[in-house]
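Participant: coords please:
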Amino acid sequence: MRKALTEALRLYLVTDQASLRGRTLADVVLAAVQGGVSCVQLREKALATPDFVALALAVKNLLAPFDVPLVINDRIDVALACGAQGLHLGQSDMPVALARQLLPPHVFIGLSVENLGDVARAAGQAVDYLGISPVYATVTKTDTATPWGLAGVRQVRALTGLPLVAIGGIHQANAAEVLHAGADGLAVVSAICSAPNPQAAAQSFQDIFRAQRSI
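Facilitator: Numbers count the residues shown, from 1 in each chain. The predicted model follows:
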């Protein structure tokens, strides 16, 4: 299962309504998946619960023909309501152990790690992947810790065998170096959501993955 999950996490789109440049979320997500996005996290901090559930169901239905998993950020109630394939938790969210008890066994759990202490504690938790956050400073999420940088990614890679998804300031110009430092997947926000052509932007990341595999 871990190999399949690692592949699914390879190009990980995190949605951001403010970055869509006037386009609908459905249009951007569809274009991104057509370009090679392999996982989509729905992150909606401001939506009321009924609206979040309705949006999650719509995105899940959109992704189904592509066999792309939907991950819900923070909200286990929404994840359960829409039958999402994954849940992503931050350090201040519901404890992983409790989330694992409440979720069906096939639903995978990701956990953001912001320092080495978080990584050490994650070793004893029922998590399926770690989100290294943030690798670089980012304007799309302001409540973040000190950036890890490439040295931090290498440190985390040396400490865990879990799949690692790097997030924070990831774009086409630095993607290869983040992968080389040990990340298994790249979580991107504005590099796809704000791109003039989200499909082409996703394809450009896939070109980077292919180049890395050939090294």
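Participant: lowest average confidence, helix or strand, in this structure?
Facilitator: helix 2-8 (a mean of 91; mean pLDDT, DSSP states H and E).
Participant: can you name the next helix or strand after it?
Facilitator: Helices and strands here follow DSSP states H and E; after helix 2-8, the next one along the chain is strand 11-14.
Participant: please report the distance of Leu57 from Leu70.
Facilitator: In this view, Leu57 and Leu70 are 9 Å apart by CB to CB, to the nearest Å. Where you see a C-beta, it was placed from the backbone N, CA and C, and this is true even at glycine.
Participant: these two: who's more crowded?
Facilitator: Set Leu57 next to Leu70 and count neighbours by other CB atoms under 10 Å: Leu70 wins out with 23 against 16.
Participant: can you give me the pLDDT of that one?
Facilitator: Looking at Leu70, its pLDDT reads 98.
Participant: ok, back up a step: who touches both of Leu57 and Leu70?
Facilitator: Here Leu57 and Leu70 have Cys82 as joint contacts, going by CB atoms under 8 Å, 6 or more residues apart in numbering.
Participant: would you mind pulling the contact partners of the least confident helix or strand of the chain?
Facilitator: With contact meaning CB under 8 Å, 6+ apart, helix 2-8 is reached by 38-39, 68-69, 108, 128-129, 163, 184-185.
Participant: show me where this structure has its helices.
Facilitator: 2-8, 25-34, 49-63, 76-82, 96-102, 116-122, 149-159, 175-181, 190-193, 198-214 (DSSP state H).
Participant: need these in TSV (columns: distance to Asp16).
Facilitator: Compiled in TSV, the helices of the chain are given as follows (distance: least, CB to CB, whole Å):
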stretch	distance to Asp16
helix 2-8	20
helix 25-34	9
helix 49-63	13
helix 76-82	17
helix 96-102	23
helix 116-122	23
helix 149-159	22
helix 175-181	18
helix 190-193	5
helix 198-214	12
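Participant: can you point out the buried residues in the biggest strand by length in the chain?
Facilitator: Longest strand in the chain, counting residues (DSSP state E): strand 108-113. For strand 108-113, the neighbour count (16 or more other CB atoms under 10 Å) marks 108-113 as buried.
Participant: want to throw the residues you listed into CSV with pLDDT and distance to Ile192?
Facilitator: As requested, the buried residues of strand 108-113 are exported to CSV (pLDDT from 0 to 100; distance: CB to CB, whole Å):
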residue, pLDDT, distance to Ile192
Phe108, 98, 22
Ile109, 98, 24
Gly110, 98, 18
Leu111, 98, 23
Ser112, 98, 19
Val113, 98, 23
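Participant: right, I'll leave it there.
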